[in-house]
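Novice: Build me a structure from this.
(one chain, ligands or ions: 1)
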Amino acid sequence: MERIRITGGRVLAGNIRPAAAKNSVLPLLAASLLCAKPCVLRGVPRLSDVDASLALLRAVGANPVRRGPDILLPPATVCGQVPPALAGAMRGSVFYLAPLLVRSGTVEMPLPGGCRLGPRPIDIHLAGLSAMGAQITESDTAVILRREGPLQGVDFTLRLPSVGATLTLLMAAACARGETVLRGAACEPEIADTAAFLRKAGACIEGAGTPVIRVRGTEGLLPGGGVHLPLPDRIAAATYAAAVAVAGGRITVTHCRPGHLAPFLRFLRTAGCEVAAGPESFSIARDPDTPLWGGADLRTGAWPDFATDTAPLAAAVLLQAKGESHIHDALFQNRFACAEGFAAMGADVRAEGRDLWIGGGAELHAARVTAPDLRGGAALVLAALAGRGTGSVMDSGHIRRGYEDLPADLAALGARCTYVKTLSDATIKTAPAVQMR
Ligand code: EPU
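Specialist: Model (predicted):
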């Protein structure tokens with residue numbers, strides 16, 4: 001268990017560059033298995049989900065090598081057995097279904113883990129792969145996929161625009177026999193990024209980033225490899241912007257794609273922040289002595305709507321704003337587990353299923369709270385930037401799944417914020433007299 005110690009009340013200033021997007025890097029690592037030649041991913045952050053992906057790659061027989069910020073992925077012979085601990089460590093393990101099925105003909109995968117945001121079925125991934133000819137056996141805890149001969153191109157309509165399922169089917173289609181048309185596909189920027197990588201390796205893909213994707217399969221491995229710089233992380237960029245909205249100050253987020261977080265920047269502008277966006281950077285400013293306006297009624301949705309991952313960040317911004325606000329998350333049933341931590345800091349909040357109601361006008365104070373998941377944990381850190389006194393966000397590892405060192409990023413902008421090692425559970429058991437602070 002780690003904790004992040006935050007002393008509120010500091011105004012932020014400076015420039016910051018977001019790392020490469022976790023949700024691009026994870027499918028790209030899996031997609032490298034489809035390439036006959038070596039691949040290199042540039043500028044990959046040291047996230048725990050990346051470490052789990054590298055461990056998974058090694059467990060199936062691949063040999064990824066980290067060289068500073070880059071990851072080299074030489075071609076390798078792989079097997080389709082995914083160890084339960086690695087499958088359960090992250091949602092991103094689902095990205096290995098299609099590549100391992102293509103590569104080894106059989107995949108045995110315990111169900112993927114990840115943030116507990118509510119039920120996260122994989123039925124669309126499986127329906128699409130089944131339509132391409134995979135035989136599927138499911139139990140309560142695992143799934144086994146087999147193919148005889150190459151996967152077949154299909155015309156398949158996703159029942160909802162799942163990001164993960166679109167990536168699974170894109171990877172499968174790239175190596176299938178014949179043409180695939182994916183309809184109702186997710187359009188998030190990470191889809192086009194994965195398609196760009198696959199194209200470098202020889203895939204024929206059109207329409208990635210739109211609801212209809214056409215793929216001409218290579219009937220086997222992609223002939224090439226490639227060097228790829230993944231997209232900048234739009235959710236990390238939104239996190240830094242939200243930090244300024246909460247704490248006040250002025251920062252510039254560089255080397256990012258402001259267009260990828262347009263709904264969030266619009267929200268911050270409406271709340272009273274000054275936002276100036278160019279093609280590859282944006283600045284955001286907020287006077288700490290002037291309260292923001294609440295009264296927001298936000299609803300998350302698939303791209304290009306308000307991103308679900310930014311909903312807890314928006315909530316952190318609205319806690320102190322003047323007026324009541326409401327956020328509805330259309331994607332996940334339990335997006336607002338962070339409400340308990342907000343309330344402990346003095347916020348007037350009520351979470352019920354997919355909805356969060358925020359009374360607004362809170363005078364936040366320091367508290368010791370627990371990160372319930374990745375973005376909820378980040379939102380608690382942000383809220384603490386505005387709290388009186390020194391508080392802690394206890395974290396069993398959620399926040400490092402998506403940010404290499406969020407406290408260090410915020411500290412570089414002037415926040416008083418750092419990771420502090422806490423006593424391990426084992427130490428506490430053997431030495432019960434020692435109090436955790
Ligand atoms: N869904 C199904 N069946 C499926 C797949 C999805 O019912 O087969 C449902 C899900 O239960 C959910 C909705 O569809 O209600 C959307 O899920 P989607 O598949 O789009 O999300 P995901 O692939 O599981 C990725 C990101 C999430 C991000 C969502 C939405 C990764 C590893 N995760 O999840 O990121 O919130 O897309 O943009 O790429 C995070 O970074 O913390 C995170 C949770």
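Novice: So the residue of the stretch 51-200 of the chain found nearest the ligand: helix, strand or coil?
Specialist: Going by CB to the nearest ligand atom, the ligand is nearest to residue 164 of the stretch 51-200 of the chain, at 2.7 Å. Backbone N, C-alpha and C define where each C-beta goes, glycine included. Applying DSSP: H, G, I helix; E, B strand; the rest coil to residue 164 yields a three-state assignment of helix.
Novice: need the residues of the stretch 51-200 of the chain near the ligand, please.
Specialist: Residues of the stretch 51-200 of the chain lying near the ligand by CB under 6 Å from any ligand atom: 91-92, 115, 119-125, 160, 162-165, 186, 188.
Novice: Report the buried members of those residues.
Specialist: For those, a burial check counting by 16 or more other CB atoms under 10 Å picks out 91-92, 115, 120, 122, 124-125, 162-165, 186, 188.
Novice: The chain: helices as residue ranges?
Specialist: Applying DSSP state H to the chain gives helices spanning 22-31, 48-59, 84-88, 97-104, 123-131, 163-174, 189-200, 234-247, 262-271, 311-318, 339-344, 374-385, 406-412, 425-430.
Novice: any idea which of the buried ones among the residues of the stretch 51-200 of the chain next to the ligand is least confident?
Specialist: In terms of pLDDT, residue 115 ranks lowest among these, with 59.
Novice: Okay, domains of this structure per the record?
Specialist: Domain assignment for the chain by automatic domain parsing gives 2-19+232-421, 22-228.
Novice: How far off centre is the shortest one?
Specialist: It stands for domain 22-228. 16 Å (CA atoms, centre = their mean, to the nearest Å).
Novice: Compute the first-to-last residue distance for that domain.
Specialist: Its first and final residues considered, domain 22-228 spans 14 Å by CA to CA, to the nearest Å.
Novice: The residue in the stretch 301-437 of the chain positioned nearest to the ligand - how many residues pack around it?
Specialist: Across the stretch 301-437 of the chain, the shortest distance to the ligand (CB to the nearest ligand atom) belongs to residue 374, at 4.2 Å. Counted with other CB atoms under 10 Å, residues neighbouring residue 374 total 26.
Novice: Wait, it touches residue 406, no?
Specialist: No. Using CB atoms under 8 Å, residue 374 is not in contact with residue 406, being 10.1 Å away.
Novice: residue ranges with poor pLDDT in the stretch 1-150 of the chain?
Specialist: The model of the stretch 1-150 of the chain has pLDDT under 70 over residues 113-115.
Novice: residue ranges for the strands of it, please.
Specialist: Remark: strands assigned in the stretch 1-150 of the chain by DSSP state E, counting those that start in this stretch are 2-7, 12-16, 39-41, 65-67, 70-73, 106-110, 135-138, 142-146.
Novice: I'd like to know which of those is closest to residue 96.
Specialist: Closest to residue 96 of those is strand 106-110 (CB to CB; 6.9 Å).
Novice: The closest one - contacts with which helices or strands?
Specialist: helix 84-88, helix 97-104, strand 142-146 (3 or more CB pairs under 8 Å, 6 or more residues apart in numbering; DSSP states H and E).
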